[in-house]
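Engineer: Sequence and predicted structure below; questions after.
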Amino acid sequence: MESTLVVKQATDFKRGIQSGISIAIGYMPVALTFGLIAKTTGLALGETVMMSMLVFAGAAQYISLSLLAQGIGIFEVILTTFIVNIRHFLMSASLNEKAEEDSVGARMGYSFGITDETFSVAATREGTVNARYMFGLNLTAYSSWVVFSGLGFLIGAGLPQTLQESMSVALYAMFVGLLVPSMKSNVKVVFLAALAAAFNSIFTMAELMSTGWAIVLATLLSAILVEAVETFKKGRGTETDE
Amino acid sequence: MSKEIVIMIIGMAIVTYIPRMLPFVMFRGKELPPFLQGVLKNVPYATLGALIFPAILFIQEDIWYGLIGAAAAFIVAFMGANVIVVVVGSISVLTLYSYFF
């Protein structure tokens, strides 16, 4: 019994590491570019790597650089970071629903690694997720992010321009790759994604709010609307059944 | 390292970590109302939609670039390929595209 448990624990961790590979590929160009821009913004190598190690949030890190370059104060940078990353609250709340009962410490530990990408991979996985899986997933994604941030600073635009450009699609391709299998088996998923995409496009293009809020609001509106329609339909369904 | 930048990074780290961590502590072992549970289960798919659009259109100046990349990813994924194959497939198609155009 005990040995099968150990084997299961090891495979969960290993599965997590494997699930992280597409994220690691996707982070590579993003992190390399981050490192490069950090250098041109005037950050030191230590600061660049430290930011990737402690913050581990792509969009916010990019934005902080452009704010720094504009000479904006550190308080505004921190506030903007908070607004850009508030969406993770929603993601963690969602993932918490499918997370196994691990210790609070373990959950607090792996919650550090919740990004758009690790969340998407974990949340679209079949069944539940546990701490071992999450630590494996985070490890792959995090290593890629930190290592390539530093490399980007050191070697700059080392990759050929054409490849760098085409790799900018990697994370989006991954999101599509995670979404499509669920779309095929469940029409509800099509509505959820399409509605959120539509809301987000309207919010961003009309410049109604910052990207951070736009994603949060678009996601919430879509998730609530679709759920409300479903509940309404179910309610009517049971009424006619009776 | 500049002290100001280090303080900024630590501040960024704290405000990023708190929203990630809180739900795991706040909602731990709690049975949320069914409607809310349903909404949270919808969140991943809605998030994916919002993360893809409209951002994918703007990865390069040429709007077609993102559209072709998305279409390639969609087709490869629809055929049932693994996520890594989808990523590599989409990158390859775009490398070809920028080579010819």
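Structural biologist: Perfect, thanks for sending it.

Engineer: contacts, neighbours, all on C-alpha from now
Structural biologist: Will do.

Engineer: which residue is nearest the centroid of chain B?
Structural biologist: Centrality entry for chain B: nearest residue to the mean C-alpha point is B:L51, 5.0 Å, by C-alpha atoms, centre = their mean.

Engineer: element containing that residue, please.
Structural biologist: Per DSSP states H and E: B:L51 is located in helix B:34-52.

Engineer: Please name the nearest non-neighbouring residue to the closest residue to chain B within chain A.
Structural biologist: For chain A, the residue positioned closest to chain B under C-alpha to the nearest C-alpha is A:A193, at a distance of 4.0 Å. Counting by C-alpha to C-alpha, 6 or more residues apart in numbering or on different chains, B:G49 is the residue found nearest to A:A193 once chain neighbours are left out, at 4.0 Å.

Engineer: show me the contacts for that neighbour.
Structural biologist: For B:G49, the residues meeting the contact criterion (C-alpha atoms under 8 Å, 6 or more residues apart in numbering or on different chains) are A:192-197.

Engineer: which non-adjacent residue is nearest the residue nearest to the centre of chain B?
Structural biologist: Using C-alpha to C-alpha, 6+ apart and skipping the chain neighbours, the partner closest in space to B:L51 is A:I215 (7.1 Å).

Engineer: just how off-centre is stretch B:40-53 within its chain?
Structural biologist: What separates the centre of stretch B:40-53 from the centre of its chain is 9 Å, taken as C-alpha atoms, centre = their mean, to the nearest Å.

Engineer: One more: stretch A:163-181?
Structural biologist: Relative to its chain's centre, stretch A:163-181 lies at 13 Å (C-alpha atoms, centre = their mean).

Engineer: for stretch A:209-217, same thing?
Structural biologist: What separates the centre of stretch A:209-217 from the centre of its chain is 15 Å, taken as C-alpha atoms, centre = their mean.

Engineer: follow-up on the earlier one: next up, the contacts around the residue of chain A closest to chain B.
Structural biologist: If a contact means C-alpha under 8 Å, 6+ apart, then A:A193 has A:222, B:45-50 as its contacts.

Engineer: One more: B:S92?
Structural biologist: Neighbouring residues of B:S92 by C-alpha under 8 Å, 6+ apart: A:S166.

Engineer: ok, it to A:I25 distance?
Structural biologist: 13 Å (C-alpha to C-alpha, to the nearest Å).

Engineer: show me where chain B has helices.
Structural biologist: Assigned by DSSP state H, the helices in chain B fall at B:3-26, B:34-52, B:63-78, B:83-100.

Engineer: Format the ones you listed as CSV; extra columns: mean pLDDT.
Structural biologist: What follows is the helices of chain B, written out as CSV (pLDDT from 0 to 100):
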stretch, mean pLDDT
helix B:3-26, 96
helix B:34-52, 91
helix B:63-78, 95
helix B:83-100, 89
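
Engineer: so can I have CSV of those helices showing distance to A:G113?
Structural biologist: Conversion of those to CSV gives the following (distance: least, C-alpha to C-alpha, whole Å):
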stretch, distance to A:G113
helix B:3-26, 8
helix B:34-52, 16
helix B:63-78, 26
helix B:83-100, 20
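
Engineer: Ranking these by mean neighbour count, which comes first?
Structural biologist: With neighbours defined as mean count of other C-alpha atoms under 10 Å in any protein chain shown, the helices of chain B peak in mean count at helix B:34-52, which reaches a mean of 23.

Engineer: Keeping just the C-alphas, turn that helix into CSV.
Structural biologist: In CSV, the C-alpha atoms belonging to helix B:34-52 read as follows (Å, rounded to 0.1, in the frame of the first residue of the first chain):
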residue,chain,number,x,y,z
PRO,B,34,-24.3,26.1,-5.8
PHE,B,35,-24.8,29.1,-8.1
LEU,B,36,-21.4,30.5,-7.0
GLN,B,37,-19.8,27.1,-7.5
GLY,B,38,-21.2,27.0,-11.0
VAL,B,39,-19.8,30.4,-11.8
LEU,B,40,-16.4,29.5,-10.5
LYS,B,41,-16.4,26.3,-12.6
ASN,B,42,-17.2,28.5,-15.6
VAL,B,43,-14.3,30.8,-14.9
PRO,B,44,-11.5,28.8,-16.6
TYR,B,45,-13.2,28.8,-20.0
ALA,B,46,-14.3,32.4,-19.8
THR,B,47,-10.8,33.4,-18.7
LEU,B,48,-9.3,31.6,-21.7
GLY,B,49,-11.6,33.5,-24.1
ALA,B,50,-10.7,36.8,-22.5
LEU,B,51,-7.0,36.0,-22.5
ILE,B,52,-7.0,35.1,-26.2
